[in-house]
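In: build the 3D model from these lines:
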Amino acid sequence: MGNFSPQHIDIIVDTAPQGVLGTFVPGQTISGKVVYTPQAQVDIDSIIIICKGTCFTKIRERHSNGNGGQHTKSYPEKITLFRDMDTIFRGPHTIQSGRYEWPFRFQLPLGAIFHRKSSSKDNLFQLGEQGLPPSFKLVSEKISTPPEAEVSYKLKVKINPGRMMHSTECVRELPIWPASSTPLKAPLPLDGPCQGDGRFKSKALRPTQHSFREKMSHVFTSDPSLKTPEINIAVSFKMPRSVGATQLLPLDVSCKYTKTGANDPDTPSFVVDDCHIYVKAYVEARAMGSLRDHLKDGKQTIISHNIPGKNSLLPLDGTFVPLTAPLTLADMTRHVHNLVPSFKTFTIFLYYKMVVKVNVRHIETGHRFQFESKYPFEILSSELPTPAYTEPGPSALYPPQLAASDQASSSLTAPPEFRDELAPPSYNSGDVWRSEPDAKRVY
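Out: Next up is the predicted model:
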């Protein structure tokens, strides 16, 4: 490839992300520069940069081929959410080896519109004009032919577009999530009973062991004083069902003890050993075939977080007590880019479910009770931070995709020819600005 190797061209984004998790937001202006470093003289017809958003789905279905075998057929669908293009250099010109920079600037749209043929499953999705959906990619689990579902936003630079040879391109992902223009309301905790067996019967619960005569009497009579004692508890869990990725979630648990017999313990002691929280993403995806829509669902676990117990005694009257200090969803995972806000778009519907598993231990016997709770869950679009970022730089969410090697350029560190006081390169006249200190025009 020589001077047209992809390693000789790069895209550096100077704009600071406005999202609280390092994402860009719809309506934000994206600016930066394209850097080209040919190692020898090279002929350039033109250089263009494209800012584009797409929604892609692919459904795979297995069909019988009539002789006992099967084959897989794919149904892809790609929807362009928006596409903006700018020519940053126009030739033909021959340029010498060196480092060349061209600034670019795009404003992200607030929404998208696409007219899709109506379908019987339209109620699952959102049609017509709508806000930009968040960047998203499904990594489905435990499905032999999972659907593909992806919303992506990219910057793409092409040198000599349209040529079969002596051309190259560079692509950078732009993580974009919608943001709420107004502050989110405080999360509303909702409680619900956990499913599980809260009954435990054992002679180990007796304060003293029966004598031989009492044991024989217990076998042949129904003396209530000789009945085996038992424990009967009900556990509930309280937390918000709708929350932003960086909002604090109060997590509370309660234990209600019911004494059912005279021999049952009066005040047994219980503690929470641990609590495991899972957030599972569910996706409904569709793609247009020749005659109809093809649908398939997929799922993936985006949070698997364990909270150890505090060894504090649980009240026995059902009073809720904090399980731990309030956490955020972002605190529960290292992969914060998976905390995509719930959304619907033309061909993708993303929603969540929360699973909570609580282990409660009876201190006197060591018996462990296991409880589980499942309910629908929603991740909200976070509000814009106030004040906004003060330091320009690439997104913290996907730094390798937006930064060039270890350098992150900004308008303060850019060379003089890239600042506002000097005009950018004029591609109409064929001028090219070098980035060396002795900036000069090269023809």
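In: give me the below-cutoff pLDDT ranges for the stretch 1-150 of the chain.
Out: For the stretch 1-150 of the chain, the stretches with pLDDT under 70 are 1-4, 66, 68, 141-143.
In: what segments of it are strands?
Out: 9-13, 29-36, 42-64, 70-95, 100-107, 111-112, 130-131, 136-137, 148-159 (DSSP state E, counting those that start in this stretch).
In: next one: the stretch 151-300 of the chain
Out: Counting by DSSP E, counting those that start in this stretch, the stretch 151-300 of the chain has strands at residues 168-173, 189-193, 199-201, 230-240, 242-244, 252-257, 270-288, 293-308.
In: residues of the first one that come out buried?
Out: Buried positions in strand 168-173, judged by neighbour count with 16 or more other Cβ atoms under 10 Å: T168, C170, R172, E173. Backbone N, C-alpha and C define where each C-beta goes, glycine included.
In: which of the residues you listed has the weakest pLDDT?
Out: Across these, no position has a lower pLDDT than T168, which has 84.
In: is it true that that residue touches I9?
Out: Yes: look at T168 against I9 with Cβ atoms under 8 Å: they come within range, at 6.2 Å.
In: who touches both of the two?
Out: Shared contacts of T168 and I9 (Cβ atoms under 8 Å, 6 or more residues apart in numbering): I159.
In: buried stuff in stretch 302-318?
Out: In stretch 302-318, counting by 16+ other Cβ under 10 Å, buried: I302, I303, I307, G309, L314, L316, G318.
In: include distance to G27 when you put those into TSV, please.
Out: As requested, these are exported to TSV (distance: Cβ to Cβ, whole Å):
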residue	distance to G27
I302	27
I303	29
I307	38
G309	45
L314	48
L316	54
G318	48
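In: and the gap between P76 and S120?
Out: For P76, the distance to S120 equals 21 Å [Cβ to Cβ, to the nearest Å].
In: between these two, who's got more neighbours?
Out: P76 (13 against 9; other Cβ atoms under 10 Å).
In: and the closest residue to that one other than its chain neighbours, what does it touch?
Out: Of all residues not flanking P76 in the chain, K58 sits nearest, at 4.3 Å (Cβ to Cβ, 6 or more residues apart in numbering). For K58, the contact set (Cβ under 8 Å, 6+ apart) comprises S74, Y75, P76, E77, P147, E148, A287.
In: remind me which residues of the stretch 151-300 of the chain are low pLDDT?
Out: Applying pLDDT under 70 to the stretch 151-300 of the chain flags residues 203, 206-226.
In: repeat the analysis, applying 80 as the threshold.
Out: Scanning the stretch 151-300 of the chain for pLDDT under 80 picks out the ranges 162-166, 181-182, 202-228.
In: shouldn't P315 be within a strand?
Out: No: P315: not assigned to a strand; according to DSSP: H, G, I helix; E, B strand; the rest coil it is coil.
In: what about it, distance to L251?
Out: For P315, the distance to L251 equals 16 Å [Cβ to Cβ].
In: ditto for D274
Out: Counting by Cβ to Cβ, the gap from D274 to L251 is 13 Å.
In: nearest residue to H276 other than its sequence neighbours?
Out: Leaving aside its sequence neighbours, H276 sits nearest to K357 (Cβ to Cβ, 6+ apart; 4.5 Å).
In: same check, this time on S202
Out: Nearest to S202 is T365, by Cβ to Cβ, 6+ apart, at 6.5 Å.
In: for the most centrally placed residue in the chain, what are its contacts?
Out: By Cα atoms, centre = their mean, the chain has its centre lying nearest to N338, at 2.1 Å. Shown in contact with N338 (Cβ under 8 Å, 6+ apart): A281, I302, I303.
In: same question for D297.
Out: D297 touches P147, Y282, V283, E284, A285, counting by Cβ under 8 Å, 6+ apart.
In: and if we set it to 6 Å?
Out: By Cβ atoms under 6 Å, 6 or more residues apart in numbering, the residues touching D297 are E284.
In: over to E61?
Out: Contacts of E61 by Cβ under 6 Å, 6+ apart are K73.
In: for L124, same thing?
Out: Contacts of L124 (Cβ under 6 Å, 6+ apart): E284, F349.
In: quick one: it from L155, how far?
Out: In terms of Cβ to Cβ, L124 sits 32 Å off from L155.
In: again, but for A325
Out: A325 is 40 Å from L155, by Cβ to Cβ.
In: neighbour count winner among these two?
Out: Taking other Cβ under 10 Å, A325 and L155 do not tie; L155 has more neighbours (22 against 11).
In: if we can go back for a sec, just checking, the residue nearest to S202 touches A204?
Out: Yes: between T365 and A204 there is a contact under Cβ atoms under 6 Å: 5.1 Å.
In: any idea what S46 is bridged to?
Out: Beta bridges link S46 to R90 when assigned by DSSP bridges.
In: that one: what's it in contact with?
Out: S46 neighbours (Cβ under 6 Å, 6+ apart): T87, R90, G91.
In: now G19
Out: Contacts of G19 by Cβ under 6 Å, 6+ apart are V25, W177, A179.
In: so the second one sits against P134, correct?
Out: Yes: proximity of W177 to P134 meets the contact threshold set by Cβ under 6 Å, at 4.2 Å.
In: what sits in contact with each of these two?
Out: With Cβ under 6 Å, 6+ apart, W177 and P134 have no common neighbours.
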